[in-house]
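[1] heads up, no residue letters with this:
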């Protein structure tokens, strides 16, 4: 069983997203370790991209800041190596497709795997365009993480699930990343549908930024993802120990 | 809605495709299904043709410009007068087509991005006529340099949303429109303005713009009994160019030239010539030639013409570039400006700065062209919109 799937044996998972190079790449390393101390089970680290169409303004600003400091995939991978020296927490890279193919899919996936990354999520690569990518992930022993959305129908959920060997990531609302007040009304029903079609654990994210929403999400899902709330805190000057406290505060388990 | 898409359908050679977040796959497939169905539907086609004729003012003339060509001692030259269409540019062809399609899909809210404001004006116009709610995304920098169009869009009853992220220009307006689409696709159609983006947009925009090439061919045959020898068009995303080229791609005797924005220089960031400074990459849902740095980050672009100021070219153009059916060249800001002034003085036609790039190519190459050949330039739009900025900068 891979490291990612192991997280889900017997408990629910807390996944935290931060953008690499937001504030600085050294800060990203410290923040990652602090989040793990705060109870996070899987780290999702975003590779900055100039045109992040799936993200809201909070994460876009973080990415722009990282790009102004010339953060590249190679510098993100160095940070991953340093984080992995300090903790065994599984790491998922969150990225857009273009920075990968600019290097070359084969080469970059092998570099990513070699750095110790466990899974990869390419947010603008639907299954229709993923044939070679899935093959390369397999060759490099990287788990591809696939997204499901409220508009993903049952046939498509089945198709996507076939490529999953870790966990499915249910983006519980239409639109982009951000912080919202409530879970959508169809949330429970949709998670039940996904569970009926897949044996993989299902985590949910997009808009979850406090303890009460996380608790609601966990009533049905096997894990929850918090992104914009951490990124927002980092933009507002949070120290690594502030992030650790925030993680503890949000964690309803 | 679970249609299967095969690669041949979504691509031009190796270019195009659908690089979209999962949340947008359902609306993209729904759109593809409607487009594939309606483009074969006789009622839809006749409704669209009727709008083009009786609302937009088609067909547009093919004007021979004798004084202009004598000035540069070049061969016979005809201009396809898309500048004479309602709203002053070819953009209205596509806006009417997509808004009509949106109505058939029962989506009563339209969103669009705009750079120069021409597509924004065209979309707001189509929405007013077809009774649709309209929201236009525009970069803050473009709002400043295209104020007359901004005022027009408001007058037409549309809402303008200023985009202050990134470079505050067209590509950021596309990002913002895509985000709106992802949140609201159940009620909203995204009316993309060029032959770009994920399938089916490049195919659909080409389909709605292909009327330009069809008319041009008919008019050429009537005027001089054959296809022209050379067709020149400017290429931003490339909708006016693909609109006129599409009818002639199969006739290898017709030389086709696409003209990109050479900007101030060939230095990165100072132009928008994707085929000289770019390489294939993925942006806004599409795999095509892109101006990017070695890390795959999209570069900023520059052109005197806001409509050509975009880092990616449409995927069909990338395929036509690689198979060498179309030649791509670039014209600098200064050459375009000279062409803008020359055509105005010699013919009384003020061309858009976008179209002035195509005219600039004719001027530069006039001496090298066969004196007995016949040339057509797609005059994609009129230049009134450019005057306030040119005047304020002392360029005219």
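    All right, it came through fine. Values in this document were obtained by computation on a predicted structure and should not be read as measured data. Numbering: from 1, shown residues only, chains lettered A, B, ... in the order given.

[2] Got phi/psi on the closest residue to chain B within the stretch 51-200 of chain A?
    At 2.8 Å from chain B, residue A:102 is the closest residue in the stretch 51-200 of chain A, using Cβ to the nearest Cβ. (C-beta placed from N, C-alpha, C; glycine too.) For residue A:102, the backbone dihedrals are phi -60, psi -30 (criterion: degrees, to the nearest 10).

[3] The nearest residue to it once chain neighbours are set aside: neighbour count?
    Spatially, and ignoring its direct neighbours in sequence, residue A:102 is nearest to residue B:296 (2.8 Å; Cβ to Cβ, 6 or more residues apart in numbering or on different chains). The number of residues packed near residue B:296 is 26, by other Cβ atoms under 10 Å in any protein chain shown.

[4] dump the residue contacts of residue B:296.
    A:49, A:98, A:99, A:100, A:101, A:102, A:103, B:281 (Cβ atoms under 8 Å, 6 or more residues apart in numbering or on different chains).

[5] farthest-separated two in these?
    Spatially, the most separated pair among these is A:49 and A:103, at 13.3 Å (Cβ to Cβ).

[6] and residue 31, what is it in contact with?
    Chain wasn't specified; assuming chain A. A:18, A:23, A:230, A:234, A:240, A:243 are the contacts of residue A:31 under Cβ under 8 Å, 6+ apart.

[7] was after chain B, sorry
    Counted by Cβ under 8 Å, 6+ apart, residue B:31 has contacts B:105, B:189, B:200, B:204.

[8] Compute the distance between it and residue A:227, please.
    Going from residue B:31 to residue A:227 by Cβ to Cβ, to the nearest Å gives 29 Å.

[9] same check, this time on residue B:119
    For residue B:119, the distance to residue A:227 (Cβ to Cβ) stands at 33 Å.

[10] Tell me what the residue most central in space within chain A is bridged to.
    Closest to where the C-alpha atoms of chain A average out (Cα atoms, centre = their mean) is residue A:44, at 3.8 Å. Beta-bridge pairing of residue A:44, defined through DSSP bridges, involves residue A:17, residue A:92.

[11] Just the pLDDT for it.
    Here, the pLDDT recorded for residue A:44 equals 98.

[12] check contacts around it.
    Residues counted as contacts of residue A:44 (Cβ under 8 Å, 6+ apart) are A:15, A:16, A:17, A:18, A:91, A:92, A:93, A:94, A:121, A:225, A:227.

[13] Around the fourth one, count how many other residues there are.
    Burial measure for residue A:18: 26 neighbouring residues, criterion other Cβ under 10 Å.

[14] Show me the contacts of residue B:296 that map onto strands.
    Among the contacts of residue B:296, the subset assigned to strands under DSSP state E consists of residue B:281.

[15] Give me the subset of the contacts of residue B:296 lying in helices.
    Under the assignment DSSP state H, those contribute A:98, A:99, A:100, A:101, A:102, A:103 to helices.

[16] Which single one of the contacts of residue A:31 is nearest to residue B:226?
    Minimum distance to residue B:226 across the contacts of residue A:31 is 63.7 Å, recorded for residue A:18 (Cβ to Cβ).

[17] Could you give the average pLDDT over stretch B:352-369?
    97.

[18] List the buried residues of it.
    For stretch B:352-369, the buried set under the neighbour-count rule, 16 or more other Cβ atoms under 10 Å in any protein chain shown, comprises B:352-366, B:369.
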